[in-house]
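Trainee: what follows is a protein structure lacking sequence information:
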């Protein structure tokens, strides 16, 4: 999802196309007011990705958003009443537009809040059930379900329940998960078990950071679930007293050069003679650092010994020739 105000349309387009470069397939933008609405056509025209418009509280704005030719609408049943929802459904059906029903623990309908007192699992599931029934009663079935909390255990359990109850696609993620260090952990423990069971059709990692971090962590989670993906697997030495190269600096620079390669290959960057050659040899491509120089490996074979300041360029040339 965009981290920029939507009215900053040029910045949003740059952000979208950066996300696409990192491997995103969909992109959501917030539309909180008329100023944001007026940017949608420009964003849609220049975006490399399908656009999901996120509208809260304002049903008339949601109707105008649909008319802008977006690819999907996300609305929250906690802040739009049924009469207003009916008008949105009616127009979306005319345009054959899918709607994501986004239920978050922080914005449940008032009736549900009074019944359960706090956003429990049952409160969220019941909100989804009630909303789905309303959509189906009005013959609308182009539905995507999203039910998120900031508690990874609840997120996991809720989506397991919804997967059994409904035939609709599920958009999964832990909301408001924090900085990258926290989000990567909480999102992994919630989503990997879901993905291993085949639960989840789209995924968003919520990180207090740039969108490319969200995309990178998402792909690592998908790979951790056992699924094959066209992304590199990057293996890097953590560094220790045996390292005779600046392995942190070397790893960062190498990773920045290869992160956008859309191939299922492994690349290792190792810092010493203990595990370095072994790990590098087991990877498709690798560097094993030494004092002022390093060994370049390809497909398990040592192919060159190169000065430290030339290691990255040398390896990148080899990878580019192949992929």
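Mentor: Cool, the structure landed. Everything numeric in this text was worked out from a predicted model, so none of it was measured.

Trainee: just the helices from the stretch 101-250 of the chain, written as ranges.
Mentor: Assigned by DSSP state H, counting those that start in this stretch, the stretch 101-250 of the chain shows helices spanning 110-116, 121-137, 152-165, 180-196, 211-224, 247-258.

Trainee: residues contacting the fifth one, please?
Mentor: Contact partners of helix 211-224, identified using C-beta atoms under 8 Å, 6 or more residues apart in numbering, comprise 1-3, 15, 18-19, 22-24, 180, 183-184, 187-188, 191-192, 195, 203-207, 229, 231, 233, 259. In short, each C-beta sits where N, CA and C put it, glycine included.

Trainee: the residues you listed, buried ones only, as a ChimeraX selection?
Mentor: ChimeraX command restricting these to the buried ones, with burial defined by 16 or more other C-beta atoms under 10 Å:
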select :1,2,15,19,22,23,24,180,183,184,187,188,191,192,195,203,204,205,206,207,229,231,259
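
Trainee: domains in the protein, by residue range?
Mentor: Residue ranges for the domains of the chain, per automatic domain parsing: 9-224, 233-322.

Trainee: and those domains, which one's lowest on average pLDDT?
Mentor: Confidence, taken as mean pLDDT, is least for domain 233-322 of the domains of the chain (a mean of 88).

Trainee: quick one: end-to-end distance for that domain.
Mentor: Criterion C-alpha to C-alpha, to the nearest Å; first-to-last residue distance in domain 233-322 is 16 Å.

Trainee: then stretch 129-144?
Mentor: Length of stretch 129-144, first residue to last, C-alpha to C-alpha: 13 Å.

Trainee: and for stretch 191-200?
Mentor: This stretch, stretch 191-200, spans 8 Å end to end (C-alpha to C-alpha).

Trainee: oh, and call the first residue 521 from now on, that's how I've got it
Mentor: New numbering, starting at 521: the last item is stretch 711-720.

Trainee: in that stretch, what counts as buried?
Mentor: 711-712, 714-715, 719-720.

Trainee: closest to residue 788 among those?
Mentor: Closest to residue 788 out of those is residue 712 (23.1 Å), distances taken as C-beta to C-beta.

Trainee: once you drop chain neighbours, what's closest to the closest one?
Mentor: Leaving aside its chain neighbours, residue 712 sits nearest to residue 745 (4.8 Å; criterion: C-beta to C-beta, 6 or more residues apart in numbering).

Trainee: same deal with residue 662?
Mentor: residue 618 (4.2 Å).

Trainee: for the residue at minimal distance from the centre of the chain, give me its contacts.
Mentor: In the chain, the C-alpha nearest the mean C-alpha coordinate belongs to residue 724, at 3.4 Å (C-alpha atoms, centre = their mean). Contacts for residue 724 (C-beta under 8 Å, 6+ apart) come out as 521, 548, 691-693, 734, 738.

Trainee: quick check, nearest of those to residue 560?
Mentor: Nearest member of those to residue 560, counting by C-beta to C-beta, is residue 548, at 12.2 Å.
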